[in-house]
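Trainee: pasting the sequence and the predicted model now:
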Amino acid sequence: MLSVYKIRKFSAEFETKTPQEIIEWAADRFSPIMAMSSSFQTQSMPLLHMVSRILPAMPVLFIDTGYHFWETLMFREKIAAEWGLNIVDLYRDSRWDIFVRQNMRLLPVEDPNLCCYLHKVQPMQNALKEFKVWISGIRRDQTSVRANASILELQKDGLLKINPLLNWTKEDVKRYVDEHNLPSHPLLEKGYRSVGCAPCTVAVGVSDDERAGRWAGREKVECGLHTTMFSKKDISESQNEFHMDVTKVEK
Ligand code: SF4
C-alpha cells in the first residue's frame, strides 16, 4: 500500500483529475482488493456507469437495510442486470434480528443513529474487512461533513477510502446523466431528490437542498458511513451517539 505521504500527495494531485482518471488509477493498483458502495440513487448513476466501463468486476456493495422503497430495489435490479454489475448485498448482523423485529417501526423514529449503525455502518464495516480500498460516491457539495473530505483518505484501520466525485457538483452529475442518457431513480419525478430508507425520506421542492428530504426536521444529516461513527470498531465505542439501552439486546 501507499505511504501516508504519497496518499496526501496523490490526493492533492487528484483535485484536478477527472473521476474516470482517479478510478483508472485505483483500478490499476488495487483491483481486486477494492470495492465501491452505492445506494442506487439518481446521483449514484455516474459513478456506477464509470465503474461498469472501467472495471465491471468490481464488487458494488449495496446495503439492504430492509427499510428501502420498493422502487429502489427494483431500480437496483434493473441497473445491475443492464450494466452487468457485480452486486454484493449487505445485511445487518443476525444477532440484532429479534430486537429489530420488536422495534421495526419505532427504531428509525426513536433512535435513527442506532438504526443506521445496525443497518448500515456495522454491515459496511464487516464487509470492508475483506478489502483494502473503498470507493465512495460522496461529493463536497452534499453536506458540511463531506465538504471537509479529501479525495484519498487513509482510515485508522488501514482502509483507503477514495472519493472520485468529491469535487463534482449536482450540476456535474446532471450533465453526466444527460450526456450519457442515464436512467433516473423512479422516485425523482415525485420530488425525492435524495433517496434513502422509506421511514427517513420525504419529497422536497425543486429549490430545496438536495438532501433536505433525508431525516427531515431532525438534526441528523448523515447515516454514519462517512462520519467518525464508521471508524469506531464496535457499538460500545459509539455508545454516546445512541440512546436505546443496547446492552439488554446483546444478552
Ligand atoms: S436511514 Fe432511517 S430506516 Fe434507514 S437505517 Fe437509518 S434510521 Fe434506519
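Mentor: Perfect, I can see it now. Note that this is a predicted model, so its numbers are computed, not measured.
Trainee: what average pLDDT does stretch 70-81 get?
Mentor: The predicted model gives stretch 70-81 an average pLDDT of 97.
Trainee: with the ligand in mind, check whether that stretch reaches it.
Mentor: No. No part of stretch 70-81 sits near the ligand under the criterion CB under 6 Å from any ligand atom; the closest distance found is 11.3 Å. C-beta: built from backbone N, CA, C; applies to glycine.
Trainee: what about the protein, any weak spots by pLDDT?
Mentor: Within the chain, the ranges that satisfy pLDDT under 70 run 232-251.
Trainee: near the ligand, which residues of it are found?
Mentor: Near the ligand, when you scan the chain using CB under 6 Å from any ligand atom, you find 65, 67, 108, 112, 115-116, 119-120, 196-197, 199-200, 223.
Trainee: other residues contacting stretch 155-168?
Mentor: Stretch 155-168 is contacted from outside by 1-2, 7, 14-15, 19-20, 22-23, 26, 30, 46-47, 50, 128, 131-141, 146, 149-154, 172-173, 230-231, 233, using CB atoms under 8 Å, 6 or more residues apart in numbering.
Trainee: what about the strands in the protein?
Mentor: 34-37, 59-63, 86-90, 133-135, 152-154, 160-162 (DSSP state E).
Trainee: which one of the ones you listed lies closest to K78?
Mentor: strand 86-90 (11.8 Å; CB to CB).
Trainee: what is the orientation angle of that closest one with strand 59-63?
Mentor: Strand 86-90 runs at 30 degrees relative to strand 59-63, counting by axes from the mean of the first three to the mean of the last three CA atoms, to 10 degrees.
Trainee: in strand 86-90, what's buried?
Mentor: Neighbour-count burial for strand 86-90 flags L90 (criterion: 16 or more other CB atoms under 10 Å).
Trainee: mind saving the C-alpha coords of it as PDB?
Mentor: Backbone C-alpha positions of strand 86-90 (Å, rounded to 0.1, in the frame of the first residue of the first chain) are rendered in PDB as follows:
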ATOM      1  CA  ASN A  86     -21.200  -7.300  -9.500                       C
ATOM      2  CA  ILE A  87     -23.600  -6.500  -6.700                       C
ATOM      3  CA  VAL A  88     -22.900  -7.700  -3.200                       C
ATOM      4  CA  ASP A  89     -25.900  -7.200  -0.800                       C
ATOM      5  CA  LEU A  90     -25.100  -6.400   2.800                       C
END
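Trainee: please state the offset of it from the chain centre?
Mentor: Distance of strand 86-90 from the chain centroid (CA atoms, centre = their mean, to the nearest Å) equals 13 Å.
Trainee: one more: stretch 14-31?
Mentor: Here stretch 14-31 is found 19 Å from its chain centre; the criterion is CA atoms, centre = their mean.
Trainee: what's the answer for stretch 3-14, then?
Mentor: That offset, for stretch 3-14, works out to 23 Å (CA atoms, centre = their mean).
Trainee: re earlier: out of the strands of the chain, flag the one nearest E210.
Mentor: Comparing these by CB to CB, strand 34-37 comes nearest, at 18.4 Å.
Trainee: the closest one pairs with which strands, parallel or anti?
Mentor: Looking at strand 34-37 with DSSP bridges, its partner strands are strand 59-63 (parallel), strand 133-135 (parallel).
Trainee: pick out the residue of the stretch 151-251 of the chain closest to the ligand.
Mentor: Using CB to the nearest ligand atom, C197 is the residue of the stretch 151-251 of the chain that sits closest to the ligand, at 3.0 Å.
Trainee: residues contacting that residue?
Mentor: T65, Y67, H68, P108, H119.
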